[in-house]
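# Fold the following, please.
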Amino acid sequence: MALSSHQINTLKKLAQDYMEIALLPIQQDKINLWKSLNRFSMQRPMVVMNQLPWNELQKGGELDCLCTDPYWYQVELELRQTIYKWNHFPVDMVVEPFITIPKVCNYSEYGIDIDSDKIDNSIGDTAPSRHYNRIIHTMDDVSKIKDMVITVDETASTRRLQEAEDIFEGIAPVVQSHGIDFHVGIWDSLTQYIGMEDVYYELYDNPELIHACLNRLTESVLAGVKQVNEIGFFNEIANTCHCSYVYNDDLLPAPNQGKGPHTKNGWAFGMAQLFTSVSPSIFEEFEIPYITRIAKEFGKIYYGCCEREDDKLEMVRNIPNVMKVSCSPWSDREKFSEKIGKSLIMSNKPTPAFIAMDTVDWQEVRKDLEYTVELTKRYNINTEFILKDISTVGFDPDRLTKWADIAMDVVSRF
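Next up, the predicted model:
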């Protein structure tokens, strides 16, 4: 084992702290609240905070990792980040009563090496801007997109599991992840291969090329789905999808109680973020046929991210197995709330811009959250708040705690 006695003792202490949190009765209370939301009988709006500017939260040594082995570094980091979030802004997060470790695998994705240049900015390295150099120019280049290949190193996975059980024996149960999760937003990859501006031009000038790329990317995803289902390597016990908790009566009624490592037993998330800037008819032509083919292979779908969805909800609701839809800051919340109905969940994304300013207007933060809650009541819908994509808090971690306190106060008055 590539760990010193000091590193092992550090992991043991972190596991003890983790389990003290995981065994609190409030964890089951939170699971019950999430299950109510996910059966469309919400007791109150739920709140999550994720995708944080961790480089700005390094205060007091809580996030300083000691493990140098890459595998154990990630295990330690996950423990530290979970404990940190619980101590500073737990909102409605759930800490499961075991330590999850990943299997060792290789995941080729689409088989293309991205060519990009980092653009310097003043924020830091949380979410650096990048310029993507085009690597798909013609129909001949479409063949660069390869089928996904997923391989599992069972020997290494067994060794890591044994190491974890030895380290955490008598402190915490260990669960090894059943496999991988699927991000099926193929447009995120295509814009990296062609470039954002060029994609917009090609939608008009060369739609055949775009369709050919989308078809090849879709075939690649479906090949990956087929492969993980054949080898039983899908992570159906994951309790979140795109930051949203997915406990529900049929697929994941309780922690580690999935229905088997097959894509029909779990979630995937899709998106087409660049389509905020095109018409709904373009969305219908260039996204719906492809996400439909993919979504059929999964039990549930979370759809959307930063893009606007209120102008195309009628199409989104017809995506197979869709259950949660993102309502980003670019959506008209009232139109979204009016259209979403009782059979889908509005996954509202409060803007992180409020806590990125030089000075935070906390009254505006509260007013913005209260407006969404008022719409939730007016249209009798099911709502969750997910504060994510937080590029900066001005190196002031207390802003996250303050936001969490306000959010929980607002939803507690529901």
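# Show me the residue at the heart of the protein, geometrically.
Nearest to the mean C-alpha position of the chain, counting by CA atoms, centre = their mean, stands His242 at 2.3 Å.
# Got phi/psi on the residue nearest to it when sequence neighbours are not counted?
Leaving aside its sequence neighbours, His242 sits nearest to Phe269 (CB to CB, 6 or more residues apart in numbering; 4.0 Å). Using the backbone N, CA and C atoms, a C-beta is placed for each residue, glycine as well. Main-chain dihedrals, Phe269, degrees, to the nearest 10: phi -130, psi 140.
# Beta-bridge partners for Phe269, please?
Beta bridges link Phe269 to His183, Tyr302, judged by DSSP bridges.
# and the gap between it and Gly260?
20 Å (CB to CB, to the nearest Å).
# Also Lys324?
Lys324 is 22 Å from Gly260, by CB to CB.
# Looking at the two, which has the bigger crowd around it?
Lys324 (25 against 13; other CB atoms under 10 Å).
# On the three-state scheme, the more buried one is what?
With DSSP: H, G, I helix; E, B strand; the rest coil as the basis, Lys324 sits in strand.
# so what's it bridging to?
Beta-bridge partners, per DSSP bridges, of Lys324: Tyr302, Ile345.
# Now for this protein, the helix or strand with the poorest mean pLDDT.
Least confident helix or strand of the chain, by mean pLDDT, DSSP states H and E, is strand 116-119 with a mean of 82.
# Contacts for it, please.
128-133, 192 (CB atoms under 8 Å, 6 or more residues apart in numbering).
# pLDDT score for Ala127?
For Ala127, the model assigns a pLDDT of 69.
# OK, contacts around Asp249?
Here Asp249 is in contact with 35, 38-39 (CB under 8 Å, 6+ apart).
# Could you turn the buried ones of those residues into a ChimeraX selection?
The following ChimeraX line selects those of the contacts of Asp249 that are buried, judged by 16 or more other CB atoms under 10 Å:
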select :35,38
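# mind listing which of the contacts of Asp249 are in helices?
Among the contacts of Asp249, the ones falling in helices (DSSP state H) are 35, 38.
# Closest one to Asp166 out of the contacts of Asp249, please.
Nearest to Asp166 among the contacts of Asp249 is Lys35, at 34.6 Å by CB to CB.
# Could you double-check that the closest one sits in contact with Pro253?
Yes. The pair Lys35 / Pro253 is scored as a contact, 7.4 Å apart, by CB atoms under 8 Å.
# what touches both of those two?
Tyr247.
# returning to what we had before: what's the most distant pair in the contacts of strand 116-119?
Across the contacts of strand 116-119 (CB to CB), the longest gap, 15.8 Å, separates Pro128 and Asn133.
# residues near Leu37, how many?
23.
# if we can go back for a sec, there's contact between the residue nearest to His242 and Asp188 in this structure, I believe.
No. Using CB under 8 Å, Phe269 makes no contact with Asp188, being 10.8 Å away.
# Could you pull up the residues touching Val246?
Contacts of Val246 (CB under 8 Å, 6+ apart): 34, 38, 238-240, 252, 267, 300.
# That one and Ser177: what is the separation?
For Val246, the distance to Ser177 - CB to CB - is 15 Å.
# what's near enough to touch the closest residue to Leu375 other than its chain neighbours?
Leaving aside its chain neighbours, Leu375 sits nearest to Ser337 (4.1 Å; criterion: CB to CB, 6+ apart). For Ser337, the contacting residues are 327, 346, 375-376, 378-379, 381, by CB under 8 Å, 6+ apart.
# Show only the entries of those found in strands.
327, 346 (DSSP state E).
# And the contacts of Ser337, which two are furthest apart?
Cys327 and Arg378 (14.6 Å).
# did I read that right, the residue nearest to Leu375 in a strand?
No. Assessed with three-state DSSP, Ser337 is helix; it does not lie in a strand.
# quick one: pLDDT of it?
98.
# can you check Asp120 too?
67.
# just the one 3 residues further on next, same as before
The per-residue pLDDT reported for Ile123 equals 55.
# Next: Met1.
69.
# Also the one 5 residues further on?
The confidence metric pLDDT takes the value 96 at His6.
# what sits against Gln74?
Contact analysis of Gln74 by CB under 8 Å, 6+ apart lists Pro102.
# Can you tell me the element it falls in?
helix 70-88 (DSSP states H and E).
# just Asp188 next, same as before
Following DSSP H and E, one finds Asp188 within helix 186-194.
# Now the least confident helix or strand of the chain: buried residues?
Result for strand 116-119 [16+ other CB under 10 Å]: no buried residues.
# Just give me how far it sits from the chain centre.
24 Å (CA atoms, centre = their mean, to the nearest Å).
# Also stretch 180-188?
10 Å.
# Now do it: everything it contacts.
105, 107, 150, 214, 217-218, 221, 224-225, 228, 233-235, 238, 241, 263, 267-275, 287, 290-291, 294-295, 298, 305.
# Start and end of that stretch, how far apart?
18 Å (CA to CA, to the nearest Å).
# Give me the distance between the closest residue to Gln43 other than its chain neighbours and Asp29.
Among residues not flanking Gln43 along the chain, Ser36 sits closest, at 4.9 Å (CB to CB, 6+ apart). With distances taken as CB to CB, Ser36 is found 11 Å from Asp29.
# of the two, who's got more company?
Applying other CB under 10 Å to Ser36 and Asp29 shows that Ser36 carries more neighbours, namely 16 against 12.
# Looking at the more buried one now. What's its pLDDT?
For Ser36, pLDDT reads 98.
# same thing with Gly61?
For Gly61, pLDDT reads 88.
# Please report how far it lies from Arg80.
Taking CB to CB as the measure, Gly61 falls 10 Å from Arg80.
# follow-up on the earlier one: by neighbours, which of the contacts of Ser337 wins?
Counting neighbours by other CB under 10 Å, the top entry in the contacts of Ser337 is Cys327, with 30 neighbours.
# For that residue, list the residues it contacts.
So Cys327 contacts 304, 309-310, 333, 336-337, 340, 346-349 (CB under 8 Å, 6+ apart).
# just the helices in the stretch 1-150 of the chain please.
Counting by DSSP state H, counting those that start in this stretch, the stretch 1-150 of the chain has helices at residues 5-22, 26-38, 70-88.
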